[in-house]
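J.: Fold the following, please.
(one chain, ligands or ions: 1)
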Amino acid sequence: MYRKGRKSEFYTELAKKQNYPARSVYKLKEIDKKYKIFKNGHRVLDLGSAPGSWLLYISEKIGNSGLVVGVDTEEIKIPLKNNIVFIKKSVFDLEKQDIKGKVFDIVVSDMAPKTTGVAFVDAGKSLELVEKAFELVKLFLKPGGSFVCKIFDSSSTADFFVKLEKHFDFSKRFRPKAVMKQSKELYIIGAGLKKL
Ligand SMILES: C[S@@+](CC[C@H](N)C(=O)[O-])C[C@H]1O[C@@H](n2cnc3c(N)ncnc32)[C@H](O)[C@@H]1O
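T.: Sure, this is the predicted structure:
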């Protein structure tokens, strides 16, 4: 049944069955299973959150005492549960008052640029997004907190990783099974933010 693009179809069908608006949720589930990121009561900032499958998963994991704030230029396609807040904005326009003095236990970024098909251009745009996410980490993540971000892997990944790992007790590059074979996507996990 799933011949061409088998993995993509498998996860797309699974997402439909499980009522998630995107198959990207299975990448986060795998990361969470391996690195135990989310706990009940956590406050989470989700950058690039549309259409909302990570938001839904995180909302389930953190429960009613937690809070997840999503940010995206696009609309989300999920019902806003009590523990979800959504800000429709580019991360480049995000201001401190949008977040109203909140600090977070976790920051995640699944942001991706609109791709051109030219690998080095797309990787450059992805790097800009992940650099911005890291700036926001420095503003909003609690000491001891964790950061999960997507980057399109390129010759710049190593430099970004070196910069990031200085700020965390533990850091790792991880490629979930749910990522397509031909995709350049790679996830970086930083846990235990050191005091800045
Ligand atoms: C792969 S999708 C995220 C999927 C999401 N994690 C989910 O599970 O539903 C990447 C998202 O990054 C968002 N994005 C790209 N540039 C952005 C920016 N400057 N500010 C906020 N979001 C951005 C896109 O609009 C897109 O919705």
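J.: use CA for all of it now, contacts and neighbours both
T.: OK.
J.: In contact with the closest residue to residue 133 other than its chain neighbours, which residues are there?
T.: The spatial neighbour of residue 133 that comes closest, neighbours along the chain excluded (C-alpha to C-alpha, 6 or more residues apart in numbering), is residue 109 at 6.7 Å. Contact partners of residue 109, counting by C-alpha atoms under 8 Å, 6 or more residues apart in numbering, are 46-49, 130, 133, 148-150.
J.: same deal with residue 8?
T.: By C-alpha under 8 Å, 6+ apart, the residues touching residue 8 are 23, 178, 180.
J.: Kindly report the same for residue 21.
T.: Listed by C-alpha under 8 Å, 6+ apart, the contact set of residue 21 reads 15, 51-53, 77-78.
J.: And residue 110, by the same measure?
T.: If a contact means C-alpha under 8 Å, 6+ apart, then residue 110 has 46-49, 149-150 as its contacts.
J.: State the distance from the residue most central in space within the chain to residue 17.
T.: The centre of the chain sits closest to residue 109, judged by C-alpha atoms, centre = their mean, with a distance of 2.8 Å. Distance, residue 109 to residue 17, by C-alpha to C-alpha, to the nearest Å: 25 Å.
J.: picking that back up, so which of the contacts of residue 110 are in strands?
T.: If you go by DSSP state E, these have 46-47, 149-150 in strands.
J.: and which of those is nearest to the ligand?
T.: residue 47 (6.1 Å; C-alpha to the nearest ligand atom).
J.: I'd assumed residue 74 was in contact with that closest one.
T.: No. With contact defined as C-alpha atoms under 8 Å, residue 47 does not reach residue 74; the gap is 11.4 Å.
J.: Neighbour count for the two, which is higher?
T.: Set residue 47 next to residue 74 and count neighbours by other C-alpha atoms under 10 Å: residue 47 wins out with 26 against 14.
J.: about what we covered before: which of the ones in strands among the contacts of residue 110 count as buried?
T.: Buried members of those, scored by 16 or more other C-alpha atoms under 10 Å, are 46-47, 149-150.
J.: List the contacts of residue 92.
T.: Contacts here follow C-alpha under 8 Å, 6+ apart; on that basis residue 92 touches residue 132.
J.: Am I right that it sits in a helix?
T.: Yes. Under DSSP: H, G, I helix; E, B strand; the rest coil, residue 92 falls within a helix.
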